[in-house]
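**Student:** Build me a structure from this.
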Amino acid sequence: MCVDKIRCIDWFDNDLGFTTCCMGGHIYFYDLHQHQKNLKTKADRNFDKDFTKKDVRFTSVVNVPGKPYEMLAVGSDRMITSNAIVKKGTKEMLPDDLPNIISQLAITPSGKTVIAGVGEPERPGAIQIWSKLEDKPLDKLNEVQAHSKGVEKLRLSHDCLNLFSVGMDGLICIFEVRDRDPRSQNKAKEELKFSQEILTLQSEMEKQLAECETLK
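**Tutor:** Purely as a prediction, here's the structure:
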């Protein structure tokens, strides 16, 4: 359980757990599947995977798709933090000393594109696009001006076709996302389809209801 203010919750791909980040510099992983096995002990948190960075106020965390317990986080240290890269000791893979504080993150289902929001109260809230490729440093590709003040929240729609951005200026922006990766396109196809219309006679409905009454 977080003892500090929780700023962000991000669910796993399979919805069997989630990750939280706190203002005290803590990132916790919760495994609901493990919790079902350990209801008596209440051991739903995976303590071995927890991550802490002292003197950092984390404001956003995202799980890397297809890589359990791997996350990206941002906070007050002007860095994009990855627990996997910190563990490997290859910190040069991450940008440090960014010119602006990044307050929010989102990541596409392919895991190859990271979307970041600038969150400094007295500066315009731009949205940045970063490329995340295996064994290559994060690379900033583009920047779009969205808000007159800092970005407060970023979220991708389930089908990854729209990006929602909320700013401290009270504005909600909706952007169209075009990800050519097949994994993102497959997620868009998972939308629920409309059910087919079935025509039924009144007499058939009354017969069905009568049969249901006899079963009580």
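**Student:** Look through every helix and strand of this protein and give the one with the lowest mean pLDDT.
**Tutor:** helix 182-188 (a mean of 53; mean pLDDT, DSSP states H and E).
**Student:** where along this protein do the strands fall?
**Tutor:** For the chain, the strands defined by DSSP state E occupy 6-11, 17-22, 26-31, 51-52, 58-63, 71-75, 80-82, 102-107, 113-118, 125-131, 139-147, 151-156, 162-167, 172-176.
**Student:** in its sheet, what does the last one sit against?
**Tutor:** Translated: strand 172-176. If you go by DSSP bridges, strand 172-176 pairs up with strand 162-167 (antiparallel).
**Student:** Show me what counts as buried in the partner strand.
**Tutor:** Residues of strand 162-167 classed as buried: 163, 165-167 (neighbour count, 16 or more other C-beta atoms under 10 Å). Backbone N, C-alpha and C define where each C-beta goes, glycine included.
**Student:** which one of those sits closest to residue 6?
**Tutor:** Closest approach to residue 6 among the buried residues of strand 162-167 (C-beta to C-beta): residue 166, at 17.3 Å.
**Student:** Just confirm that closest one contacts residue 152, I think it does.
**Tutor:** Yes - under the criterion of C-beta atoms under 8 Å, residue 166 makes contact with residue 152 at 4.9 Å.
**Student:** Below-threshold pLDDT in this protein: ranges please.
**Tutor:** Low-confidence segments of the chain (pLDDT under 70): 1-2, 34-46, 86-97, 179-199, 216.
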